[in-house]
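Visitor: everything below, folded, please.
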Amino acid sequence: MAKYLLLKHYRGAPEAPNSVPMDQWTPDEIDAHMQYMNDFAGRLETTGEFVDSQALSSQGTFVRSDGPGRPPVTDGPFAETKDLIAGWMVIDVDSYDRALTLAGELSAAPGAGGEPIHEWLELRPFMGVPTTVDD
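Guide: As a prediction, this is how the structure comes out:
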């Protein structure tokens, strides 16, 4: 088994075919999208492939150390940033091909008009975990 991170972007990824921003969706469209995500996670829980997931706010702050004995330096929030993470899911699967398949399914979550978003998801293996790329 190998763990992969699926990153959902508010923006920063290539534009999706159904790219109406979520803040322009109706409440029913948001509910349908969230239900799809929950159902997807629930299905992966039954197969043992789901690890965790979270949706993230569009607000955030950059923080860095300013040296010993000094308070952290902050900058932001940067809601206007080019690359903004909307949420993530961690999966634990037998192969890279399985990770690709699941990322493709998650990409089809409904959006505006109830149509699949076909959004781009970033699929990244965890560092230090053996890869499971099929030959």
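
Visitor: Met37 is in what secondary structure piece?
Guide: Assigned by DSSP states H and E, Met37 belongs to helix 27-47.

Visitor: average pLDDT across that helix?
Guide: Helix 27-47 shows a mean pLDDT of 95.

Visitor: parallel or antiparallel, list what pairs with the helix or strand following it.
Guide: Later in the chain than helix 27-47, the nearest helix or strand by DSSP H and E is strand 50-55. Taking DSSP bridges as the criterion, strand 50-55 sits next to strand 84-93 (antiparallel) in its sheet.

Visitor: give me the contact list for the partner strand.
Guide: Outside strand 84-93, the residues that touch it by CB atoms under 8 Å, 6 or more residues apart in numbering are 1-12, 22, 41, 44, 48-56, 58, 60, 99, 102, 106, 132. (C-beta placed from N, C-alpha, C; glycine too.)

Visitor: can you select the buried ones from those residues in ChimeraX?
Guide: A single ChimeraX command suffices to select whichever of these are buried according to 16 or more other CB atoms under 10 Å:
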select :2,3,4,5,6,7,8,9,10,41,44,49,50,51,53,58,99,102,106,132
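
Visitor: burial measure for the spatially closest residue to Glu29 that is not a sequence neighbour, as a count.
Guide: Beyond its immediate neighbours in the sequence, the residue positioned closest to Glu29 (CB to CB, 6 or more residues apart in numbering) is Ala112, lying 6.0 Å away. If you count neighbours by other CB atoms under 10 Å, Ala112 ends up with 16.

Visitor: noted, bye for now.
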